[in-house]
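**Student:** give me a 3D structure for the following:
(chains A, B, C and D)
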Number of protein chains: 2
Amino acid sequence: MSARTSDSSREIPEATVARLPIYLRALTTLVEQGTATCSSEELAAAAGVNSAKLRKDLSYLGSYGTRGVGYDVDYLRYQIAREIGVTQDWPVVIVGIGNLGHALANFSGFRSRGFRVVALLDADPERRGERVAGVDVRDFADLDAIVREHGVAIGVIATPASAAQDVADRMVEAGISSILNFAPTVISVADGVDVRKVDLSIELQILAYHEQRKQAEATTRVASEVTA
Amino acid sequence: MSARTSDSSREIPEATVARLPIYLRALTTLVEQGTATCSSEELAAAAGVNSAKLRKDLSYLGSYGTRGVGYDVDYLRYQIAREIGVTQDWPVVIVGIGNLGHALANFSGFRSRGFRVVALLDADPERRGERVAGVDVRDFADLDAIVREHGVAIGVIATPASAAQDVADRMVEAGISSILNFAPTVISVADGVDVRKVDLSIELQILAYHEQRKQAEATTRVASEVTA
DNA sequence: ACGATTTTGTTCTCCCGTTCACAAACTCCT
DNA sequence: AGGAGTTTGTGAACGGGAGAACAAAATCGT
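**Tutor:** Numbers count the residues shown, from 1 in each chain, chains lettered A, B, ... in the order given. A predicted model of the protein is given here:
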């Protein structure tokens, strides 16, 4: 075991990693439709990307296609799933069971993609005993025990912004090393811990910016037509 | 009106646009704390970015800082808000009032940032008459009338994946030109329509990939320590 | 009034990601 | 068997964003 650095040494670019789940979903749809093989062109169309980009992305994983033929849908699907790591089961805890926490707990896309919600936590005693999506809401203080028991590596923060940093600190302390943050605030964590954030209002604001530009351009065009 | 292309001709890079809302939020926090001025270093820290990047981002909007001093928090906040377009009021419709739709309708970050939910729509007759966050759930067929009446430009899709493309088509037809898509599927729209997507399971999968890598590296390290 | 100090705005360089274009490799048909 | 037709995988060119580094401009102290 020395010359064969074969497998895990390939460094996959971040932009590619972000697209692999999209390809995975497109392939799953194709499998359900009974499609056995597909070309890069077809798969790219289903994923909404350029076919050259798709091929380059896939090339980072290996050579799983056949020239002149295309890709075996089921085989490629498995390879991508394995590369992402969703062939194994990932226990997840959700902290903050408000409106959003409820929605997340009930989200079927978790379960179907290798994620299992092992605990719902909330600091508010009022919420305890409540049962959401078949899981009891428990005390946030139980975090340590739950992480240890289930070997949880991924935590989801669905609390108000004011609580997010504290929750993140406690998560990292408990041993969680990947955090998905829905709270509208920047959280800082130690090196080695990954944080991704999802912010509804930021997405809307980006749309608003472009919308404003579109509308401004439209009125400018009208104005110049009038003066012309 | 020819030499003075002054104002709206500045093309702001997409990466910068995506960060402006973060700066806006950080500035709002500073205002609430009663801070009058701040340096690029402080603001960058609050926003979780590099200070050089922050300054370059702000330079696309104009010269709103004072060398040797920093930025007037309230003034800069207003300038960014105006640039993004959140000084005006944006009417928004949400389609699909399931768990996620509920959470979105109740999300306070909408209202506080210039977005007003003018209608909640669902195709399921069961849901009608229900009242969420002070807004009645109405028939999806009313979309055209509502868009016309309120001048809605932004639509939010919170339906299952199977319905998303159809909803998007109807939205575009009704005159909506910016869509925020929460359904886990790729939707295609005409040119000139902006689509942004938020996908919970994709974010989790990206985290899973990195988590898997971290764990693989940890075991490799242990293995090599054993053989060493 | 003027130099020291602070902090912005901007230039320059590097790197990552996208896209084009084509060679390699496979199938199919004759 | 061999040529025509497909489709993948990749080398190379290109564009945009990130960060370092510095010049310009403001304040402050003497």
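**Student:** the longest helix seen in chain A vs chain B: in contact?
**Tutor:** When chain A is parsed with DSSP state H, its longest helix is helix A:200-227. Yes. Interface with chain B: helix A:200-227 contributes A:200-216, A:220, A:227 (C-beta under 8 Å from any C-beta of the partner chain). Where C-beta positions appear, they are placed from N, C-alpha and C, glycine not excepted.
**Student:** now do stretch A:35-43: distance to the chain's middle.
**Tutor:** Put simply, stretch A:35-43 sits 24 Å off its chain's centre (C-alpha atoms, centre = their mean, to the nearest Å).
**Student:** please enumerate residues in contact with that stretch?
**Tutor:** Residues outside stretch A:35-43 that contact it (C-beta atoms under 8 Å, 6 or more residues apart in numbering or on different chains): A:23, A:26-27, A:30, A:51, A:54-55, A:58, A:65, A:69-74.
**Student:** any buried residues in it, and which?
**Tutor:** A:Thr37, A:Cys38, A:Ser39, A:Ser40, A:Glu42, A:Leu43 (16 or more other C-beta atoms under 10 Å in any protein chain shown).
**Student:** just the residues you listed: which are in helices?
**Tutor:** Per DSSP H, the buried residues of stretch A:35-43 map to helices at A:Ser40, A:Glu42, A:Leu43.
**Student:** so which of these reach DNA strand D?
**Tutor:** When contact is defined as C-beta under 7 Å from any atom of the strand, these meet DNA strand D at A:Ser40.
**Student:** out of the ones in helices among the buried residues of stretch A:35-43, who's nearest DNA strand C?
**Tutor:** Taking C-beta to the nearest atom of the strand as the measure, DNA strand C lies nearest A:Ser40 of those, at 9.6 Å.
**Student:** follow-up on the earlier one: now the two most distant members of the contacts of stretch A:35-43.
**Tutor:** A:Ser51 and A:Asp74 (20.3 Å; C-beta to C-beta).
**Student:** hmm, back to that, counting by contacts, list what the longest helix of chain A packs against.
**Tutor:** The contact analysis (3 or more C-beta pairs under 8 Å, 6 or more residues apart in numbering or on different chains; DSSP states H and E) places helix A:200-227 against helix B:14-32, helix B:73-84, strand B:90-95, helix B:108-111, strand B:115-122, strand B:154-157, strand B:178-181, strand B:194-197.
**Student:** so what's the closest residue to A:Lys56 other than its chain neighbours up against?
**Tutor:** Excluding its sequence neighbours, the residue lying closest to A:Lys56 (C-beta to C-beta, 6 or more residues apart in numbering or on different chains) is A:Thr16, at 7.9 Å. Contact analysis of A:Thr16 by C-beta under 8 Å, 6+ apart lists A:Lys56, A:Asp57, A:Tyr60.
**Student:** then A:Tyr75?
**Tutor:** A:Tyr64.
**Student:** same deal with the one 10 residues further on?
**Tutor:** Remark: with contacts taken as C-beta under 8 Å, 6+ apart, A:Gly85 is in contact with A:Gly114, B:Gln205, B:Ala208, B:Tyr209, B:Glu211, B:Gln212.
**Student:** what do you get for A:Met171?
**Tutor:** So, once contact is read as C-beta under 8 Å, 6+ apart, A:Met171 ends up touching A:Val95, A:Leu143, A:Val147, A:Gly155, A:Ile157, A:Ile179.
**Student:** now do A:Asp191
**Tutor:** Counted by C-beta under 8 Å, 6+ apart, A:Asp191 has zero contacts.
**Student:** tell me the SS of it?
**Tutor:** coil (DSSP: H, G, I helix; E, B strand; the rest coil).
**Student:** that older thread, and the contacts of A:Thr16 as a markdown table, adding pLDDT and secondary structure?
**Tutor:** Compiled in a markdown table, the contacts of A:Thr16 are given as follows (pLDDT from 0 to 100; DSSP: H, G, I helix; E, B strand; the rest coil):
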| residue | pLDDT | secondary structure |
| --- | --- | --- |
| A:Lys56 | 98 | helix |
| A:Asp57 | 98 | helix |
| A:Tyr60 | 97 | coil |
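**Student:** which one of those is nearest to DNA strand C?
**Tutor:** In terms of C-beta to the nearest atom of the strand, no member of these lies closer to DNA strand C than A:Lys56, at 4.6 Å.
**Student:** what parts of chain A come near DNA strand C?
**Tutor:** A:13-16, A:49-50, A:52-53, A:55-56, A:66-69.
**Student:** relative to A:Thr37, how far out is the residue in chain A that DNA strand C sits nearest to?
**Tutor:** Of all residues in chain A, the one sitting closest to DNA strand C is A:Gly68 (2.5 Å; C-beta to the nearest atom of the strand). Computed as C-beta to C-beta, to the nearest Å, the A:Gly68 to A:Thr37 distance reads 11 Å.
**Student:** what's the answer for A:Leu58, then?
**Tutor:** Distance, A:Leu58 to A:Thr37, using C-beta to C-beta: 14 Å.
**Student:** could you do A:Asp194 as well?
**Tutor:** 35 Å.
**Student:** surely A:Ala47 is in contact with A:Ile22?
**Tutor:** Yes. A:Ala47 lies in contact with A:Ile22 (C-beta atoms under 8 Å); the separation is 4.9 Å.
**Student:** which residues do those two both contact?
**Tutor:** Common contact partners of A:Ala47 and A:Ile22 (C-beta under 8 Å, 6+ apart): B:Val186.
**Student:** how about the residues of chain A by DNA strand D?
**Tutor:** Contacts of chain A with DNA strand D, taken as C-beta under 7 Å from any atom of the strand, map to A:39-41, A:51-52, A:55-56, A:58-59, A:63-71.
**Student:** give me the buried subset of these.
**Tutor:** Among these, those scoring as buried are A:Ser39, A:Ser40, A:Arg55, A:Leu58, A:Gly65, A:Gly70, A:Tyr71 (criterion: 16+ other C-beta under 10 Å).
**Student:** quick check: the last one vs A:His150, distance?
**Tutor:** Here the distance between A:Tyr71 and A:His150 works out to 36 Å (C-beta to C-beta).
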